[in-house]
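1. Show me the folded form of this:
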Amino acid sequence: MTGRGPLPASARPGPAAWRRTALLAGLVAAPPAALVLGVRALRATRTADIGSMGLVQALPAQLYLALALLTVSFLAAVFFGRDVRPVVLAAHVVVLTVLLHGAATLAEPLPRFVPAWLHVGFTDYIARTGETLPEFDARFSWPGVFAWAAMATRAAGLPDAMPLLGWTPVALNLLYAATVYKLAGAVSGATGTAWLAVWLFLPANWVGQDYFSPQGLNYFFYLVILTVLVIWFRVPRLERARRRLRRRARQGHPSGSPTPLRPRRLRRLVGLPLAPTLHEPEPVAASPAVLAGLMAVVLVLFTASAASHQLTPMAILVSATMLVAIRRCAVQALPALLLVILLGYVSYLTVTYWSGHLQDMVGSFGRVSHTVNSGITERVRGDPGHLFVLKVRQGLALGIWALAALGAWRCLHRGRGDLALLALAGAPFLLLFAQNYGGEVFLRIYTFALPFMVVLVVALLVPAWPARRTVLAAVLACLLSVVLTGGFLVARYGNESFEQVRAGDAAAIEWLYANATPGVTLVAITSNVPWRVRDLEQFRYTPLGEDLGPDSLPAIEAAMLSNPRGAYLIMTEGQYVWAETFYGKPPGWGQSIERQIIASGRFRLVYSHNNAKIFILAGPRGGSG
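-> Below you'll find the predicted structure:
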């Protein structure tokens, strides 16, 4: 016999080894299992069940089971999986991104969100003509993203940018997650903090600015620029000052235990406005050529941002200025350089816009109370379901801010705080002094501060790795993940009753593009219409808005008679739901207007399908001129 005999008892795997092997196998199997279960659940979602609480009313229970499995597996890997490879954790993050930020794409037949369809129209115009149309819309004065999308669609042979809409949120959030991971790992020095920060960031990023839009890509620019500044361009003399104080402290204490650093003493020593803590990271060592290349990246990305969005360059400028002010950025001339780039672009390349809208650009400057009122008070309206969604959003935002503040306090109390991180979490609030940005400034402030706040939240749960109380920290992290994930589904998709694009609405617009004579006016009772998606320059667009009263016919007729070439009136379910949910119109408001139109005899129905109707005036001008 040449076979080997049984292993001796001392060489056999013990119970602990078997448990570790079983844990690793479960952690590897969890992401694909959760992905299959979650995707099947989302594909089975009945969009007809979407109500005033949004998509969450229609989601099957299997999706929640998939998210629970993924959450438990990820936190077990972070807190108890000592031998888990980073690729396993990355797989958990990718699946979470798909199930959360791709939920509507998997559940709904058409890409969501009317503004995203409008951006397809902008991209189509640039791809067809090679020009912009600043007189048509202010966003054409910042056309960078649309121009890049036009080049990409042409290079890929796509007819338009519509195929990009569905998965843009997933792609962008994966880019955000990678940047947050790099940032959190650099400022904390712990991979556990980096992974947990990414895990909390994904459900906490519910604001929804990651669709096919300039702000979605510009947010990535923002993250990359500030991450580069924090990691490679810190002031290195902070560490030398700390070492000097430690050496002096040891000289006074033969036992070798240094005295605590006193902020006033440190300020006198290094001349800083704020004292560094013992564990603030040093800049990553790099050659002058590498640093020059990184600074070139910063300037190129900022220039691209200045050419493609109104608000993000301001957020970058404010944050970079804050880092320089607290001596956490060694490039002291950077704010001035960024300001020159921004003013140069606005002064010379957006003249068409600001020459007629200067009041809109600077009218809110310094008016904080007005900005607060338009960002909070004026936006709290709508039906009970929409009001509940707004309360959930406010609760999530306030909760993250509160937890981040507690995390900052705990870090500073333990001497582990990073003042650069604190400054970047607070700098976006300075945008209150700029403009209200259509009443959305608080949403933007929350979004800009979020990457830095989640690192502080993790510091509250686990100030230093390995955690001293691992089980307690894991339980708290699990509870927070559950709250954020549940809150995300309500806050992100709670308005899905009007943010989804209905097949009937899209089909009606396609009929118009196929049958309407160029030059006519397209009239809608609200702006929630997926129009201007192509050939946008060939028609006039008139959304009447929330001011329509009980007797709406005079306003509708006046809008249609304003164009001698004719007009079409579009009546769709998406408009009715928008008015009732967002504006607080009474139930049946749109159908009531529809009945008035039919009963008046002054309109003629030319299209009716799937809860969408199109009318022209019954007079000689009609809709074709």
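
2. Helix or strand: which one has M295?
-> Per DSSP states H and E: M295 is located in helix 288-306.

3. ok and whichever helix or strand comes after that helix relative to helix 288-306, angle-wise?
-> Per DSSP H and E, the first helix or strand lying C-terminal to helix 288-306 is helix 312-325. Interaxial angle, helix 312-325 versus helix 288-306 (axes from the mean of the first three to the mean of the last three C-alpha atoms, to 10 degrees): 140 degrees.

4. Going by neighbour count, list what's buried in helix 312-325.
-> 312-324 (16 or more other C-beta atoms under 10 Å). Placement of C-beta: from N, CA and C, glycine included.

5. For L55, state which of these is nearest.
-> T312 (27.8 Å; C-beta to C-beta).

6. what does the helix holding M295 contact?
-> 144, 218, 221-222, 224-225, 228-229, 232-233, 286, 312-313, 316, 331, 334, 337-338, 341-342, 345-346 (C-beta atoms under 8 Å, 6 or more residues apart in numbering).

7. Can you tell me which of those residues are buried?
-> For the contacts of helix 288-306, buried by 16+ other C-beta under 10 Å: 144, 218, 221-222, 224-225, 228-229, 232-233, 312-313, 316, 331, 334, 338, 341-342, 345-346.

8. any idea of the pLDDT on the residue nearest to R602 when sequence neighbours are not counted?
-> Nearest residue to R602, sequence neighbours excluded (C-beta to C-beta, 6 or more residues apart in numbering): A618, at 5.5 Å. A618 is assigned 87 on the pLDDT scale.

9. got it, and R416?
-> On pLDDT, R416 comes in at 71.

10. Look up how far L223 lies from it.
-> Computed as C-beta to C-beta, to the nearest Å, the R416 to L223 distance reads 23 Å.

11. Those two: which is more packed in?
-> Per other C-beta atoms under 10 Å, whichever of R416 and L223 has more neighbours is L223, with 22 against 17.

12. Now the strand or helix carrying that one: average pLDDT?
-> According to DSSP H and E, L223 maps onto helix 214-232. Average pLDDT, helix 214-232: 97.

13. Can you pull the poorly scored residue ranges out of the protein?
-> Applying pLDDT under 70 to the chain flags residues 1-18, 237-279, 354-382, 415, 434-439, 546-547, 549-550, 620-625.

14. go again using 80 as the cut-off
-> 1-23, 82-83, 236-280, 352-383, 413-417, 433-440, 465, 467, 545-551, 619-625 (pLDDT under 80).

15. What's the first helix or strand after the host helix or strand of L174?
-> L174 belongs to helix 168-188 when assigned by DSSP H and E. Counting by DSSP H and E, the element after helix 168-188 in chain order, helix or strand, is helix 191-204.

16. elements contacting that next one?
-> Under the contact criterion of 3 or more C-beta pairs under 8 Å, 6 or more residues apart in numbering; DSSP states H and E, helix 191-204 touches helix 61-80, helix 86-101, helix 168-188, helix 441-461, helix 470-493.

17. Quick one: work out the angle between that helix and helix 168-188.
-> 150 degrees.

18. Helix 191-204: which residues count as buried?
-> Taking 16+ other C-beta under 10 Å as the criterion, helix 191-204 shows 192-204 as buried.

19. okay if I get those as a markdown table plus distance to V392?
-> Below are the buried residues of helix 191-204 laid out as a markdown table (distance: C-beta to C-beta, whole Å):
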| residue | distance to V392 |
| --- | --- |
| G192 | 29 |
| T193 | 27 |
| A194 | 28 |
| W195 | 26 |
| L196 | 23 |
| A197 | 22 |
| V198 | 23 |
| W199 | 20 |
| L200 | 17 |
| F201 | 18 |
| L202 | 17 |
| P203 | 12 |
| A204 | 13 |
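
20. which of those residues lies closest to I598?
-> Using C-beta to C-beta, those come closest to I598 at P203, 46.2 Å.

21. circling back to that earlier point, who are the packing partners of the helix holding L174?
-> If contacts are counted by 3+ C-beta pairs under 8 Å, 6+ apart, helix 168-188 sits against helix 86-101, helix 191-204, helix 214-232, helix 441-461.

22. re the thing from before, deepest of the helices and strands packed on helix 191-204, which one?
-> helix 441-461 (a mean of 25; mean count of other C-beta atoms under 10 Å).

23. so that helix versus helix 470-493, what angle?
-> 170 degrees.

24. for helix 441-461, packing partners?
-> helix 168-188, helix 191-204, helix 214-232, helix 312-325, helix 384-413, helix 419-426, helix 470-493.

25. What would it look like as CSV? C-alpha coordinates only.
-> These are the backbone C-alpha positions of helix 441-461, laid out as CSV (Å, rounded to 0.1, in the frame of the first residue of the first chain):
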residue,chain,number,x,y,z
VAL,A,441,-29.3,74.8,-1.6
PHE,A,442,-29.7,72.7,1.5
LEU,A,443,-29.9,69.5,-0.5
ARG,A,444,-26.6,70.5,-2.2
ILE,A,445,-25.0,71.5,1.1
TYR,A,446,-25.8,68.1,2.5
THR,A,447,-24.5,66.3,-0.6
PHE,A,448,-21.2,68.3,-0.7
ALA,A,449,-20.6,67.6,3.1
LEU,A,450,-21.7,64.0,3.0
PRO,A,451,-18.3,62.3,2.1
PHE,A,452,-16.6,63.9,5.0
MET,A,453,-19.5,63.4,7.4
VAL,A,454,-19.7,59.7,6.9
VAL,A,455,-16.0,59.4,7.9
LEU,A,456,-16.9,61.2,11.1
VAL,A,457,-19.9,59.0,11.7
VAL,A,458,-17.7,55.9,11.4
ALA,A,459,-15.3,57.6,13.9
LEU,A,460,-18.2,57.8,16.3
LEU,A,461,-18.9,54.0,16.0
